[in-house]
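> Structural data only, the sequence is not supplied:
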């Protein structure tokens, strides 16, 4: 469950555009339209349910998530490079695949839900996210980005350069999930 105050404005993609709207209004709009609200976790490149246990560890600031409303919002998240969370498994919801199949085929050349959710085929990787489209609407980047372990210095530097080109005050820390550390994150040297 999202733990920030309900009057905090969050970035939302709905009706073909990005807006910053207080959570209480986003929830009300979703209920009124009977539309599902989706959450994209910016640091990991994952999309899922707004009540995902894994996606909601700790408070989420507006620079850490992008919310999207309904089928159009779900398609947009896939177009932006987000893949399904393996904890809340949004792909198991009714009509998920019917909604995103065309976008998945176009973006990834994958033609089944099984391939789209297979992390050996499409692994966690925040480099895949279209930051150049998202950041102007959000105004800041997440504090850290999760990318695969074993990247070359050149690959890490290329991602850092993408963020530097966005004229942000700070470049996110770039690293990988590491269950052996207390923070569960090991940063690459940039």
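Good, I have the coordinates. The structure displayed is predicted, hence computed values, not measured ones.

> Which helix or strand in the protein has the lowest average pLDDT?
When each helix and strand of the chain is scored by mean pLDDT, DSSP states H and E, helix 23-33 comes last, with a mean of 73.

> and the helix or strand just after that one, what does it pack onto?
Sequence order places strand 37-41 as the next helix or strand after helix 23-33, per DSSP states H and E. The contact analysis (3 or more Cβ pairs under 8 Å, 6 or more residues apart in numbering; DSSP states H and E) places strand 37-41 against helix 23-33, strand 46-49, strand 65-69, helix 70-79. All C-beta spots, glycine's among them, are computed from the backbone N, C-alpha and C.

> any chance of the ones you listed in a markdown table, plus distance to residue 185 and mean neighbour count?
Formatted as a markdown table, the helices and strands packed on strand 37-41 follow (distance: least, Cβ to Cβ, whole Å; neighbours: other Cβ atoms under 10 Å):
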| stretch | distance to residue 185 | mean neighbour count |
| --- | --- | --- |
| helix 23-33 | 27 | 15 |
| strand 46-49 | 15 | 24 |
| strand 65-69 | 18 | 25 |
| helix 70-79 | 23 | 20 |
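
> Quick one: closest of the ones you listed to residue 138.
Judged by Cβ to Cβ, the one of the helices and strands packed on strand 37-41 that comes nearest to residue 138 is strand 65-69, at 6.9 Å.

> ok, residue 141 - contacts?
Contacts for residue 141 (Cβ atoms under 8 Å, 6 or more residues apart in numbering) come out as 42, 63, 131, 135, 163, 166, 168, 170, 171, 172.

> filter those residues to the buried ones?
Neighbour-count burial (16 or more other Cβ atoms under 10 Å) is assigned, among the contacts of residue 141, to 42, 63, 131, 135, 163, 171, 172.

> just to revisit the earlier point, sitting in helices, which of the contacts of residue 141 do you find?
Of the positions in these, 131, 135, 163 sit in helices, assigned by DSSP state H.

> list the contacts for the closest residue to the last one other than its chain neighbours?
This means residue 163. Leaving aside its sequence neighbours, residue 163 sits nearest to residue 171 (Cβ to Cβ, 6 or more residues apart in numbering; 4.5 Å). Listed by Cβ under 8 Å, 6+ apart, the contact set of residue 171 reads 141, 160, 163, 164, 190.

> re earlier: any chance of the buried ones among the contacts of residue 141 in a markdown table with distance to residue 69 and pLDDT as columns?
Shown next, in a markdown table, are the buried ones among the contacts of residue 141 (distance: Cβ to Cβ, whole Å; pLDDT from 0 to 100):
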| residue | distance to residue 69 | pLDDT |
| --- | --- | --- |
| 42 | 17 | 92 |
| 63 | 19 | 71 |
| 131 | 21 | 95 |
| 135 | 20 | 92 |
| 163 | 27 | 92 |
| 171 | 30 | 84 |
| 172 | 26 | 91 |
